[in-house]
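Chemist: Sequence and computational prediction follow.
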Amino acid sequence: MISFILNEKLVSTSNNPGMSLLDFIRYEANLPGAKIGCREGDCGACTVLIGEINDGIMAYRSVTSCLFPLINAHGKHVVTIEGINLNNKLTPVQQAIADNAATQCGFCTPGFVMSFTGFCISSKEPSTQKAIEAVAGNICRCTGYKSIERAAKDIAKAVQNKDLNDPINWLIQHGFLPKYFTEIPERLKQIQPQTISEKKPDKIIAGGTDLMVQQPDSIYRQKIESAFNINLPHEIIISNCTCTISGATTVNDLLKNDKLLSRFPELDNYLMLVSSEPIRNMATIAGNLINASPIGDLSVMLLALNAQLTIINGDKTRQIPLNKLFTGYKQLAIEHEELIQLITFELPKSNATFNFEKVSKRKHLDIASVNTAMLIEIDNGIITKFRLSAGGVAPFPLYLEKTSKYIAGKHLDKGTIAKAFELIDEEISPISDIRGTAEYKRLLLKQLFKAHLQKVVGDEFYKLI
Ligand SMILES: Cc1cc2nc3c(=O)[nH]c(=O)nc-3n(C[C@H](O)[C@H](O)[C@H](O)COP(=O)(O)OP(=O)(O)OC[C@H]3O[C@@H](n4cnc5c(N)ncnc54)[C@H](O)[C@@H]3O)c2cc1C
Ligand code: FES
Ligand code: FES
């Protein structure tokens, strides 16, 4: 049985674990507020909030319910638009939308309201910009975004004085949430953790943001197990020089980890280029690696960081460099029953620069035409370490081994850069597709390589090309 609290009500269901939460909400629970738009995580019309107790604190995040497998709802609080509307009057979020004429046909509006409400609950330093970022995964086809931006400004203002120590109670007192939210933590504790079946699952699912898009019908029928239920510690461990991330860590877990951000000054900017708030709230790092998309952003970043994978299969454990995981288009050096438990990499030293560049047709909620990451260490003018990776230029995320080996040990000068361009050209094999011609992608990677180097030497770089 899968048990969770849906708005105010405890539900237990034996429905298929791979059913989408959206279908459950609309067709089993008869709550039609969450809308069916794209069913691919792109439009945000189906956005709901998921609440769970993290380190003793009740936390809520927005997710697209069309991609959220029912099994992942177990033990959680699922909040739909109906669940914030128990006061019989508009919440300040809804009022801001009405006051600013930020809705017309209304189809997208429940999704916007839920994303904004998620922002009101979870934001630590609420600002108009952050409110707008919270709805980056919501599309409106008819209103126009300026009025939605004005609503975002009002919403950010309304939570300026939120009590950060007890946000839920503050939001209840100010009419954002109904009173029943105070009882949720105690009620969630009554739900027994899910037992893991002894039978081998057909498929492991994590966030579902790849599987629920690519194979929704077979996932619905298969016996699936959640990566969050099995033996995958959900943590980010930072020691002096290494970082270890569990496979089930989400992109937003990384974004919220201050320790990690302090070691990668621009990591938040890079991660904000990955999908949108509700997708980042679901998408895991291991899922990104195993999906083996040639343009997977996390795969490209972790290749440059020379990440090592700890892979488990029952009692057996083995380790492989990420560089050896990808063997061909969607081909991996990992067996069906093996799991990525941990991802470990060395943290950049003080003389190192890590940089990530991504070019896509639009800045947010788009996958890359070409993406690339670089790690460089320079000592007394000599490049002591160099790693370059790229996506969109080969059948899988590529570590440019020859180029990287060549540059390490050299001075950063005109000759080195000219030879590196030649080697990049030799190592890549882009194809023409809707994201650009092969020639364009070749040119793009070389331009992005220049952008990497510019990050290291600033405008001096122009003297080197
Ligand atoms: C709207 C949208 C936008 C997106 N934008 C981006 C983007 O900008 N950049 C980007 O890189 N990606 C993007 N993605 C792709 C996706 O979000 C990522 O690849 C994500 O990291 C996948 O993780 P998941 O947990 O959702 O994977 P799932 O779909 O749950 O699983 C993917 C695969 O990984 C396997 N798996 C999961 N966990 C493990 C484990 N621990 N061990 C072994 N196998 C495992 C599953 O069996 C499955 O084969 C986007 C997706 C959507 C829907
Ligand atoms: S229906 Fe479009 S994101 Fe879910
Ligand atoms: S109000 Fe019509 S789609 Fe947004």
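Modeler: Cool, got the structure. All values reported here derive from a predicted model rather than from experimental measurement. Ligands and ions are numbered 1, 2, ... in the order given.
Chemist: do you know how far the closest residue to Cys140 other than its chain neighbours is from Val79?
Modeler: Leaving aside its chain neighbours, Cys140 sits nearest to Cys108 (4.5 Å; criterion: CB to CB, 6 or more residues apart in numbering). To be clear about C-beta, it is placed using only N, CA and C from the backbone, and glycine gets the same treatment. Going from Cys108 to Val79 by CB to CB, to the nearest Å gives 18 Å.
Chemist: Asn380 too?
Modeler: Distance from Asn380 to Val79, by CB to CB: 57 Å.
Chemist: The closest residue to ligand 1 within the stretch 351-465 of the chain: what's it in contact with?
Modeler: The nearest approach of the stretch 351-465 of the chain to ligand 1 comes at Ile367, 5.1 Å away (CB to the nearest ligand atom). Residues near Ile367 by CB atoms under 8 Å, 6 or more residues apart in numbering: 293, 295, 360, 435.
Chemist: How many residues are close by the first one?
Modeler: Pointing back at Ser293 there. 21 (other CB atoms under 10 Å).
Chemist: Looks to me like the residue of the stretch 351-465 of the chain closest to ligand 1 is in a strand.
Modeler: No: secondary structure of Ile367 (DSSP: H, G, I helix; E, B strand; the rest coil): coil, not part of a strand.
Chemist: How confident was the prediction at it?
Modeler: Ile367 carries a pLDDT value of 85.
Chemist: try the one 3 residues further on
Modeler: Here, the pLDDT recorded for Val370 equals 97.
Chemist: Neighbours of it, how many?
Modeler: Val370 sits with 27 neighbouring residues when counted by other CB under 10 Å.
Chemist: Please determine how far it is located from Gly137.
Modeler: Taking CB to CB, one finds Val370 at 23 Å from Gly137.
Chemist: Same question for Asp163.
Modeler: 27 Å.
Chemist: got it, and Gly314?
Modeler: Relative to Gly137, and taking CB to CB, Gly314 is found at 37 Å.
Chemist: So between Asp163 and Gly137, which is more surrounded?
Modeler: For Asp163 versus Gly137, the count of surrounding residues by other CB under 10 Å is larger for Gly137: 25 against 12.
Chemist: which residues touch the more buried one?
Modeler: 41-42, 44, 47, 62, 64, 115, 275-279, 365.
Chemist: Does the residue of the stretch 51-200 of the chain found nearest ligand 2 lie in a helix or a strand, and which?
Modeler: Closest approach between the stretch 51-200 of the chain and ligand 2, counting by CB to the nearest ligand atom: Cys66, at 3.2 Å. For Cys66, there is no host helix or strand (DSSP states H and E).
Chemist: Could you report the neighbour count for it?
Modeler: 27.
Chemist: Would you agree it is in contact with Arg39?
Modeler: Yes: if you go by CB atoms under 8 Å, Cys66 and Arg39 touch, sitting 4.6 Å apart.
Chemist: Might you report the residue contacts of Asn371?
Modeler: Asn371 touches 295, 297, 300, 356-359, 390-392, counting by CB under 8 Å, 6+ apart.
Chemist: got those residues as JSON lines, with pLDDT columns?
Modeler: Converted to JSON lines, the contacts of Asn371 look like this (pLDDT from 0 to 100):
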{"residue": "Ile295", "pLDDT": "95"}
{"residue": "Asp297", "pLDDT": "97"}
{"residue": "Val300", "pLDDT": "98"}
{"residue": "Phe356", "pLDDT": "98"}
{"residue": "Glu357", "pLDDT": "97"}
{"residue": "Lys358", "pLDDT": "96"}
{"residue": "Val359", "pLDDT": "95"}
{"residue": "Ala390", "pLDDT": "98"}
{"residue": "Gly391", "pLDDT": "98"}
{"residue": "Gly392", "pLDDT": "97"}
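Chemist: Looking at the residues you listed, which is nearest Ile148?
Modeler: Lowest distance from Ile148 to the contacts of Asn371 (CB to CB) belongs to Lys358, with 25.2 Å.
Chemist: how close does the closest one sit to Gly458?
Modeler: 21 Å.
Chemist: again, but for Tyr180
Modeler: Distance of Tyr180 to Gly458, computed by CB to CB: 55 Å.
Chemist: And Lys153, by the same measure?
Modeler: Relative to Gly458, and taking CB to CB, Lys153 is found at 35 Å.
Chemist: Look at these two and report which has more neighbours.
Modeler: Legend: neighbour count by other CB under 10 Å for Lys153 and Gly458, higher for Lys153 (16 against 9).
Chemist: Domain parsing of the chain, as residue ranges.
Modeler: 2-84+181-226, 92-177, 236-346, 352-464 (automatic domain parsing).
Chemist: what's the closest of those domains to ligand 3?
Modeler: Taking the domains of the chain one by one with CB to the nearest ligand atom, domain 92-177 is closest: 3.3 Å.
Chemist: now that closest one: how far from the chain's centre is it?
Modeler: 21 Å (CA atoms, centre = their mean, to the nearest Å).
Chemist: Over to stretch 385-397?
Modeler: 20 Å.
Chemist: Give me the contact status of it with ligand 1.
Modeler: No: using CB under 6 Å from any ligand atom, stretch 385-397 stays clear of ligand 1, coming no nearer than 8.1 Å.
Chemist: For Cys66 and Arg39, list the residues in contact with both.
Modeler: Common neighbours of Cys66 and Arg39 (CB under 8 Å, 6+ apart) are 20, 22, 46.
Chemist: which among those residues are in contact with ligand 2?
Modeler: Among these, the residues lying close to ligand 2 (CB under 6 Å from any ligand atom) are Cys46.
Chemist: out of the shared contacts of Cys66 and Arg39, which one sits closest to Glu235?
Modeler: Among those, and counting by CB to CB, the member closest to Glu235 is Ser20, at 27.8 Å.
Chemist: Could I get the pLDDT score of the residue nearest to the closest one when sequence neighbours are not counted?
Modeler: Closest residue to Ser20 in three dimensions, ignoring its sequence neighbours and counting by CB to CB, 6+ apart: Cys66, at 5.4 Å. On pLDDT, Cys66 comes in at 98.
Chemist: got it, and Leu232?
Modeler: Leu232 is given a pLDDT of 63.
Chemist: Could you shift the numbering so residue one becomes 30, and keep it that way?
Modeler: Sure, I'll start numbering at 30, so the last one becomes Leu261.
Chemist: Now for the residue nearest the centre of the chain: which residues touch it?
Modeler: Closest residue to the average C-alpha location of the chain: Arg309 at 2.4 Å, with CA atoms, centre = their mean. Applying CB under 8 Å, 6+ apart to Arg309 gives the contacts 279-281, 284, 300, 303.
Chemist: on that earlier part again, shouldn't the residue nearest to Cys169 be in contact with Val164?
Modeler: No: taking CB under 8 Å as the definition, Cys137 is not a contact partner of Val164, at 9.6 Å.
Chemist: Would you mind listing what in the stretch 80-229 of the chain touches ligand 2?
Modeler: 93, 95.
Chemist: If we use 8 Å, what do you get?
Modeler: Residues of the stretch 80-229 of the chain lying near ligand 2 by CB under 8 Å from any ligand atom: 93-96, 140, 166, 168.
Chemist: Helices - which of the contacts of Arg309 land there?
Modeler: 280-281, 284, 300 (DSSP state H).
Chemist: average model confidence for the host helix or strand of Ala315?
Modeler: Applying DSSP H and E as the criterion places Ala315 in helix 314-320. The average pLDDT within helix 314-320 is 97.
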